[in-house]
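Asker: pasting the sequence and the predicted model now:
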Amino acid sequence: MRVQDWHPDPYEVNDKPPRQRRAGWVALALISVAVVAVAGAFAVQAGPRKQDTGSSQRSAPRAQGTGSSQPAAPRAQDTAGFQPAGRSPAGDAEQVTTAFIRAWSAGSLDEAADLTNDPAAARAALAAYGRDLYLRKLTGTVTGSAPTSAPVDTQPAGAATPAATIEVVTFGLSATVAGSAAPGAESGTWSYQSTLTAYQVPNGTGWLINWDPSVVAPNLADGQHLATILVPSQSTTVTDAAGNPLSSYSDPGIANIATLLGGHAPTGTGMPGLSVQIEDSAGRAVPGSQATVTTPKANVVTTTITQRAERAALNAVSGSGESAIAVLQPSTGAILAIANNAQFNDYALTAKVAPGSTMKIITATALIDDGLTSENSPVACPATYTVQGVTYSNDQGESEPAGTPFATDFAKSCNNAFDQWWTRLNGQLASTAKTYYGLDQPWNIGLSGEPASYFNAPAGASGSELAEEAFGEGQLTATPLAMASVAATVDSGQFRQPVLVAGTATVSAAPLPASTDEQLKDMMRDVVTEGTAASVGFGPDVYAKTGTADVQGQEQANSWLVAFVPDQDIAIAALVVDAGSGAQVAGAEVKAFFDGY
């Protein structure tokens, strides 16, 4: 874009009158310039000067833009230059500077250049300024002036007729610049101070600006130009769904998750910053010349974590060490909370332990779906049951007689009502876990860009191993995230893979058969009303399953509980390692969560 083709908004120069400089002298404001101009009190007289060709070549000023420069041509006429009101040298210098800024801001580059002693070089520099910075708007204000004794040569080389009256004028500029000519390009306002030297033409009344490249920007020298550059974002902020940084939760586990997410942030989510710098003729940046226009905005990774759920979950796990909670939204699979009371050990995602009796949800699904039993079918639960020489007992030696509805076995979590089906379950546990619950395969929840397995059911399990897996022990491993997903699937009737970052590619599964899902809901409600979770004190809308998994070498069992509340669209799994029964410990944490939520 050529500067003469600009169509900017009307530019303005601040018309605030300059403050008094010295006794008896009154500095005139830009409004005064305008009034006097209308009245014909002053004018710019075009004296002899160089041919203005619009070339980008500059005259040869000082190297650093701070001293005097040789003029392009003399201005010998008495009326040469800008004719000010003549109140004082300070006022005259400020008037010519104000007129220069006004013309420059309006895009009248010829008019602005004619107020200097080198119009060709000035016009080329002003044009380059607009072109190189993709200038959209420019405003300026004169802020002060002071006399100087530094000589300004106003005649050709060899002449010795210095100006008698010389002033250094300080002014501020605000330039709206952009990274490119595109309408949506990153843009911002570059505000800075600059100075120029103005002098009264010898033997005359007019004033001119001693041209130097540093007039348009401090430290700009001959052979250099300005340029805008985009500064890419280098940082990443990981937030919850509402934009609150995960670091605000002051939890080591959440901080660890934020670190993992920040290390794999998607590119292009931040906003670049914009800077202006001085470059040499080869386009190389002059060291130390960068000026910030806008700062880069950090890459942002927004998670599905909600403050309401996360605060309630963190409070719930605070009472027990080595505990973890995962909370999901069944309708979407969004992970609403991940809470751990194990420092950086994110057990909610990384624990690989037997799920205990929470596995009976999957076992019951396989049995009902295959027509082997139903919630109302009679299934005895003997006190002991032996498979291939391995004898299994129920918790606390309980048993249920013949004719006991399967729903009651489920509600009271009687192990031997489940392991006795081992001859009919070859491969069924693993296939049911995958077919309906999306388990036993890698999930990419968006945590690190790499899929991970959160549940494992050995497909080749048989004999006593398979019998043990039917009630949730043996070689099975699960995380609270996986078991929360099991509860969420029963709630909605359809598996939706848990995700921590929206837009992550997910795996799918078949919907639960409607009759199977309805029976599972009935049985999980029975757990709360008359089964192992009856003592927890859940409300009327909670559906749950307790789990107590014995672990060799531990003093106590691992405590599990999964639950969902349809009206709240929320599902949860709690695990407390080496703690005791599911209802007593994990159940208390889930109750605390619901009370806080």
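Answerer: Structure received. Numbering: from 1, shown residues only.

Asker: which of the three states applies to D526?
Answerer: The local conformation at D526, judged by DSSP: H, G, I helix; E, B strand; the rest coil, is helix.

Asker: touching, it and A407? I think so.
Answerer: Yes - using Cβ atoms under 8 Å, D526 makes contact with A407 at a distance of 5.5 Å. (Glycine included, C-beta is placed from N, CA and C.)

Asker: those two: which has the busier surroundings?
Answerer: Taking neighbours as other Cβ atoms under 10 Å, D526 and A407 compare with A407 leading, 25 against 22.

Asker: I'd guess the more buried one is in a helix, am I close?
Answerer: Yes - assigned with three-state DSSP, A407 falls within a helix.

Asker: I'd say it and V527 touch.
Answerer: No - contact criterion Cβ under 8 Å: A407 and V527 do not qualify, at 9.5 Å.

Asker: ok, L138 to D395 distance?
Answerer: Distance of L138 to D395, given as Cβ to Cβ, to the nearest Å: 81 Å.

Asker: looking at these two, which is more packed in?
Answerer: Taking other Cβ under 10 Å, L138 and D395 do not tie; L138 has more neighbours (25 against 17).

Asker: confidence score at that one?
Answerer: pLDDT, L138: 98.

Asker: so it, which of the three states?
Answerer: Criterion first, three-state DSSP; result for L138: strand.

Asker: when you give positions from now on, start the count at 33
Answerer: Noted, 33 is the first residue going forward, which turns the last one into L170.

Asker: quickly list what it is bridged to.
Answerer: A207 (DSSP bridges).

Asker: what sits against the residue nearest to P245 when sequence neighbours are not counted?
Answerer: Spatial nearest neighbour of P245, chain neighbours left out: L252 (4.5 Å); criterion: Cβ to Cβ, 6 or more residues apart in numbering. Contacts for L252 (Cβ atoms under 8 Å, 6 or more residues apart in numbering) come out as 97, 245-246, 258, 310.

Asker: how about the strands in the stretch 133-282 of the chain?
Answerer: Secondary structure of the stretch 133-282 of the chain (DSSP state E, counting those that start in this stretch): strands at 169-179, 198-210, 219-232, 239-242, 257-263, 268-271.

Asker: most packed of these?
Answerer: strand 239-242 (a mean of 27; mean count of other Cβ atoms under 10 Å).

Asker: and that one, what does it pack onto?
Answerer: If contacts are counted by 3 or more Cβ pairs under 8 Å, 6 or more residues apart in numbering; DSSP states H and E, strand 239-242 sits against strand 113-114, helix 121-137, strand 219-232.

Asker: what's the shortest one packed up against?
Answerer: Under the contact criterion of 3+ Cβ pairs under 8 Å, 6+ apart, the helices and strands touching strand 113-114 comprise strand 76-77, helix 121-137, strand 239-242.

Asker: do the last one as well
Answerer: With contacts defined as 3+ Cβ pairs under 8 Å, 6+ apart, the packing partners of strand 219-232 are helix 121-137, strand 198-210, strand 239-242, strand 305-311, strand 323-326.

Asker: show me the contacts for the closest residue to Q322 other than its chain neighbours.
Answerer: Ranked by Cβ to Cβ, 6+ apart and with sequence neighbours excluded, the top spatial neighbour of Q322 is Q309, at 4.5 Å. Counting by Cβ under 8 Å, 6+ apart, Q309 touches 258-259, 261, 317-318, 321-323.

Asker: where does the prediction get shaky in this structure?
Answerer: Judged by pLDDT under 70, the chain has its weakly predicted residues at 33-111, 186-195, 296-302, 481.

Asker: now do the helix or strand containing A290: distance to the chain's middle.
Answerer: Assigned by DSSP states H and E, A290 falls within helix 284-294. Relative to its parent chain, helix 284-294 has a centroid offset of 15 Å by Cα atoms, centre = their mean, to the nearest Å.

Asker: beta partners for the residue nearest to Q322?
Answerer: Going by DSSP bridges, Q309 forms beta bridges with A259.

Asker: quick check: it vs L165, distance?
Answerer: Applying Cβ to Cβ to Q309 and L165 gives a distance of 11 Å.

Asker: which neighbours do the two share?
Answerer: With Cβ under 8 Å, 6+ apart as the test, Q309 and L165 both reach 258-259.

Asker: would you map out the domains in the chain?
Answerer: Domain ranges of the chain: 35-253, 268-333, 374-582, per automatic domain parsing.

Asker: buried deepest among those domains, which one?
Answerer: Highest mean neighbour count among those (mean count of other Cβ under 10 Å): domain 374-582, with a mean of 20.

Asker: from the chain's centre, how far out does stretch 460-476 sit?
Answerer: That offset, for stretch 460-476, works out to 34 Å (Cα atoms, centre = their mean).

Asker: could you tell me the end-to-end distance of that stretch?
Answerer: By Cα to Cα, to the nearest Å, the extent of stretch 460-476 from end to end equals 25 Å.

Asker: hmm, who's touching it?
Answerer: Contacts of stretch 460-476 from elsewhere in the structure, counted by Cβ under 8 Å, 6+ apart, are 394-395, 397-398, 401-402, 482-491, 493, 498, 501-502, 514, 517-518, 521, 527, 529-530, 536-544.

Asker: keep only those of those residues that are in helices.
Answerer: 394-395, 397-398, 401, 498, 501-502, 514, 517-518, 521 (DSSP state H).

Asker: what's the closest of those residues to A415?
Answerer: A502 (16.9 Å; Cβ to Cβ).

Asker: so Q507 touches S494, yeah?
Answerer: No - look at Q507 against S494 with Cβ under 8 Å: they stay out of range, at 11.4 Å.

Asker: so A348, which of the three states?
Answerer: Under three-state DSSP, the three-state class of A348 is helix.

Asker: for it, give me its contacts.
Answerer: Taking Cβ under 8 Å, 6+ apart as the definition, contacts of A348 comprise 357, 371, 606, 621-622, 624-625, 628.

Asker: how far away is it from P572?
Answerer: For A348 relative to P572 (Cβ to Cβ), the value is 20 Å.

Asker: now G172
Answerer: In terms of Cβ to Cβ, G172 sits 72 Å off from P572.

Asker: first to last residue in stretch 351-359, what's the distance?
Answerer: With Cα to Cα, one end of stretch 351-359 sits 18 Å from the other.

Asker: actually stretch 398-410, not the one I typed
Answerer: Terminal-residue distance, stretch 398-410 (Cα to Cα): 17 Å.

Asker: rewinding a little: switch the contacts of L252 over to TSV; also include distance to S406.
Answerer: Shown next, in TSV, are those (distance: Cβ to Cβ, whole Å):
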residue	distance to S406
G97	91
P245	90
S246	90
L258	80
I310	82
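
Asker: most widely separated two among the residues you listed?
Answerer: Longest span within the contacts of L252, Cβ to Cβ: G97 and L258, 12.3 Å.

Asker: who touches Q507 in this structure?
Answerer: Q507 is in contact with 488, 490, 493, 497, 501, counting by Cβ under 8 Å, 6+ apart.

Asker: isn't A491 up against L457?
Answerer: No - between A491 and L457 there is no contact under Cβ under 8 Å: 11.9 Å.
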